[in-house]
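1. Okay, sequence plus prediction incoming.
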Amino acid sequence: RKKAKWLYDFIKTGESFDYVITVCDKENAKRCPIFPDAPTRLDWSFPDPSMFHGSHGEQIASARQVRDDIRKMIDQLCAEPDVGWQLRTGT
């Protein structure tokens with residue numbers, strides 16, 4: 001099971017990032033965290049799975065759809081010649 005990580009956990013390690021992608025929904029975008037020293041920030045709006053309604057199965061299906069949509073966006077980003085090269089080589 002995957003677990004969300006707190007922004008502070010990254011800051012206290014001193015890690016730096018070339019790209020930061022936020023996935024806050026449009027209503028909460030202004031509350032998305034800000035990473036210090038992140039040269040490129042991409043804000044991708046996705047619905048918040050904690051707000052999904054319906055049966056447990058319907059909520060799971062909706063959350064999986066968001067997961068799959070995020071994966072597609074990441075794949076598209078990595079396929080871009082300049083960005084993909086940087087992400088694959090770490091430069």
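-> Yep, it's here.
2. the helices in the chain, which residues?
-> In order along the chain, the chain carries the following helices (DSSP state H): 7-13, 56-79, 81-89.
3. Export those to CSV and append columns for mean neighbour count, mean pLDDT and distance to F35.
-> For glycine as for every other residue, the C-beta is placed from the backbone atoms N, C-alpha and C. Shown next, in CSV, are those (neighbours: other Cβ atoms under 10 Å; pLDDT from 0 to 100; distance: least, Cβ to Cβ, whole Å):
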stretch, mean neighbour count, mean pLDDT, distance to F35
helix 7-13, 11, 78, 7
helix 56-79, 12, 93, 17
helix 81-89, 11, 62, 16
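4. export these to CSV and tack on distance to S50?
-> Supplementary listing: the helices of the chain in CSV, determined by distance: least, Cβ to Cβ, whole Å:
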stretch, distance to S50
helix 7-13, 18
helix 56-79, 9
helix 81-89, 29
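5. For the closest residue in space to Y19 that isn't next to it in sequence, give me its contacts.
-> Closest residue in space to Y19, ignoring its immediate chain neighbours: T40 at 4.9 Å, by Cβ to Cβ, 6 or more residues apart in numbering. Remark: with contacts taken as Cβ atoms under 8 Å, 6 or more residues apart in numbering, T40 is in contact with 18-20.
6. quick one, which of the helices of the chain is nearest to W44?
-> Go through the helices of the chain one by one with Cβ to Cβ and the one that ends up closest to W44 is helix 56-79, at 5.8 Å.
7. and the closest one, how far from the chain's centre?
-> Computed by Cα atoms, centre = their mean, to the nearest Å, the separation of helix 56-79 from the middle of its chain amounts to 11 Å.
8. the residue most distant from the middle of this structure, which is it?
-> Centroid-distance maximum for the chain: S55 at 25.6 Å, with Cα atoms, centre = their mean.
9. tell me which residues of stretch 37-50 are tucked away?
-> Buried residues in stretch 37-50, counted by 16 or more other Cβ atoms under 10 Å: 46-47.
10. how distant is that stretch from the center of its chain?
-> Using Cα atoms, centre = their mean, we find the averaged C-alpha position of stretch 37-50 to lie 5 Å away from the chain's own average C-alpha position.
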